[in-house]
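S.K.: Just a sequence and a predicted model for now, questions to come.
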Amino acid sequence: MARLRDHPWLPAFLLGTLALLIAHARVYRFLTDDAFISFRYARNLSHGLGLVFNPGPERVEGYTNFLWVLLLAGLDRVGLRPESAAPLLSLAATVALWALVAREALRRPASAAAPWLVLIPALALAVTRSVAVWSSSGLETRLFELLIVAAAFRWKSEVERQDEGTPTVPFAALLMGLAVWTRPDGMLMGLAAIGGALLWLARRGHFDARRFTLMILPFLVLVAAQLMFRLAYYHEWLPNTYYAKIGGRLWWSAGLRYVGAFALEYALWLWLPLVVLGARRRVREGHGLEPLIACSILLPHALYVIAIGGDHFEYRPLDVYFPFLFLLLFDGARALARSPRSRLVAALWVALTLLGLWELPWQSHRQSPGRYLAGFPGASADTPEAARFLDPDRDPLYRLPGLHAIAAAHRSLLVAATARFAGVRAEEHRRFFGIESANARRLAELIREGRLPRDTYVAMPCVGVIPYVTDLPTLDRLGLTDAHVAHGPFARREFVAHDKVATMDYARTHGVELWTDPRPIVHLTDEALRRAMRQTRDGEETWYAADLGAGDYLLARLPLGPERVARRMPALPFARLDDSTFVEPYVRRAIPALRAALAADPADDAARRELASLLVFRGEIAPARAVYRELSARRPGDVQVWLRLWWCSDRLGEHAAGLEALERALGAARAAGDSATVRGIQARLANDRGGRTSATP
């Protein structure tokens, strides 16, 4: 640390990077619904109910962060609730990670001519969106990263001491073991680091089996202890979440899109040459073990992430790479800055790197939609926000020639990944949590009022804040906290980590009373309510709704039947969604509510579409056509809008206008490459030109 004494300005600048990191983290501060699964386990443990999701005899390891749950349970025991403790722990771990990286940079050989280079790793951490994002969330991500990075730094030191024949305390293996307790990925990373060190020592002829075994003994003991606990308590070799999310299935194409989007978003192409140069520099300085351990940890893990299809969250498993890469980036800049001219080149390259780390991630935040859209932008591709999101022409930097192609490729990969619900952005999780929190509070109010029994058994696909706040017995429809669903077959191949689903028969035999979607309570302007109405009308699924007042409905399927629910919940009169006693008053209320929503937000095309649909339902074809005309002007590539405009025109007897709408639908379908729809529209055109009456599209 002599460099700090040699350059009195350096501590202030280093602390400035920490302040920047904390401020950046504050921009992205959020809690995710998934974190409340662990919170419920922690609370149940602290209250003496065991490490279970639903108190009772059935035990399921529906979490993958054993140490995190234990820490939160301990803090809950002394009065600090998990939802308050988790953000504090993550921020503390972020500060500790920054300190580790800054300290490691300061231990590198100094550059007398360019001492400012030592700021590079800390400054890069501060401007990186992913580092800021995972400074909160309520998940164990940052604690895991801290343990892995600290273990790697310590492991390098311990292996070098064994190479020299110097005794050392095996602290690195303890940290590796705690990392395994924090996330299962730690097993792969720990074994990879051990393998890299073994190779290093063997090649140098300094491998001592007895001493090496003692070095890794804490790791082996902690891993064995967790495994024995899992077998004894849950009767499984692996966490239930493994079976629910992966279950042995590999998805290389999805993983490549996920990692490819990450590499382009953070401009890895720009600064990877400096990382390689830095690795060579460390080898020449006699510290080749360090890049070897970094590669041993990161490369197998990256291959694993690709193999399983990536992760639901934006770059969460990849975030741990940044501390290692930024240190090597610093080494590369040191290697480059050997003369005044090369120091200028190094400074410019580092500045471009920092800009590359910042620009696309910041644009993704700035252009984030102001409303919740599931799987944005890929699974919400038909929305105006998705059509504009990260368009290279909107970016002041990436609209430039050459960079435009990179931004377009990144956008394409991100759309493909999020269409499978991989790489979902923090902004989306923040908005979804806000919706779920409001649902949780309303359900808790129904319980306090006695309208919803406290022991109501519910099934839902997002078992975070709602079960945590309401304390209702809950069946996880995606199987994270349900062993039967997790060990069942994959029901589909559509979404990363979301393809195992409970069946209605299983819910019925399990005694589930209310089967809900992610948002149990919906407003009368919500498209989810109309979708449920259509499904009920068409015989696909049977949905019921209970009017809660203020335009809100409790929306659910009733596995045990409406009679059972009526007896159990007389204060919640559920009506079937195709029953005229529900439909007619609902439509009378929904149309003015949708008009009011459009007046408040003229860009809400979802409300506009729903308004037109309800006008058709009421037989008001001319007003519906006027709304569809507005939609067609706003969404000229939407085939379904043109088809509905054709249908309305045809019903009103305006044959020429209908044919024009069909021609526009045909052009949109051809542009989308939808050959089946093209054939269908061509048949309709032939039919209409022959003068025959059109059916509903």
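M.R.: Arrived safely, thanks for sending. On a predicted model such as this, the values are computed, not experimentally measured, just so you know.
S.K.: make it CA atoms for all contacts and neighbour counts henceforth
M.R.: Fine.
S.K.: which intervals of the chain have sub-threshold pLDDT?
M.R.: The model of the chain has pLDDT under 70 over residues 1-4, 112, 689-697.
S.K.: Could you list the domains of it?
M.R.: Split into domains by automatic domain parsing, the chain comes to 2-362+371-375, 589-689.
S.K.: Looking at the ones you listed, spot the one closest to residue 554.
M.R.: Among the domains of the chain, domain 589-689 comes nearest to residue 554, with 15.7 Å by CA to CA.
S.K.: what separates the closest one from the chain centre, distance-wise?
M.R.: Mean-position distance between domain 589-689 and its chain equals 34 Å (CA atoms, centre = their mean, to the nearest Å).
S.K.: circling back to that earlier point, just so I know, which of the domains of the chain lies nearest residue 538?
M.R.: Closest approach to residue 538 among the domains of the chain is made by domain 589-689 (14.2 Å; CA to CA).
S.K.: What are the buried residues along stretch 593-601?
M.R.: 593-595, 597-598 (16 or more other CA atoms under 10 Å).
S.K.: show me where this protein has strands.
M.R.: 458-460, 474-476, 514-515, 521-523, 544-549, 552-556, 574-576 (DSSP state E).
S.K.: Columns distance to residue 388 and mean neighbour count on top of the ones you listed, output as TSV?
M.R.: As requested, the strands of the chain are exported to TSV (distance: least, CA to CA, whole Å; neighbours: other CA atoms under 10 Å):
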stretch	distance to residue 388	mean neighbour count
strand 458-460	32	24
strand 474-476	35	25
strand 514-515	36	25
strand 521-523	27	22
strand 544-549	36	18
strand 552-556	32	22
strand 574-576	39	21
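S.K.: can you list the domains of the chain in a markdown table and add distance to residue 470?
M.R.: As requested, the domains of the chain are arranged in a markdown table below (distance: least, CA to CA, whole Å):
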| stretch | distance to residue 470 |
| --- | --- |
| domain 2-362+371-375 | 11 |
| domain 589-689 | 29 |
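S.K.: Go ahead and flag the most central residue of this protein.
M.R.: The centre of the chain sits closest to residue 313, judged by CA atoms, centre = their mean, with a distance of 2.1 Å.
S.K.: surely that one meets residue 423?
M.R.: Yes: using CA atoms under 8 Å, residue 313 is in contact with residue 423, at 4.7 Å.
S.K.: Tell me who's in contact with the closest residue to residue 572 other than its chain neighbours.
M.R.: Residue nearest to residue 572 in three dimensions, not counting chain neighbours: residue 546, with 5.7 Å by CA to CA, 6 or more residues apart in numbering. Residue 546 is in contact with 553-555, 572-575, counting by CA atoms under 8 Å, 6 or more residues apart in numbering.
S.K.: Just the closest of these to residue 195, please.
M.R.: Closest to residue 195, out of all of these and judged by CA to CA, is residue 555, at 53.5 Å.
S.K.: and of the buried residues of stretch 593-601, the nearest to residue 341?
M.R.: Nearest to residue 341 among these, with distances taken as CA to CA, is residue 598, at 59.7 Å.
S.K.: got the contact list for the closest one?
M.R.: Contacts for residue 598 were tallied using CA under 8 Å, 6+ apart; they are 604, 607-608.
S.K.: Could you measure from it over to residue 525?
M.R.: 10 Å (CA to CA, to the nearest Å).
S.K.: what sits in contact with each of those two?
M.R.: Contacts common to residue 598 and residue 525, judged by CA under 8 Å, 6+ apart, are residue 607.
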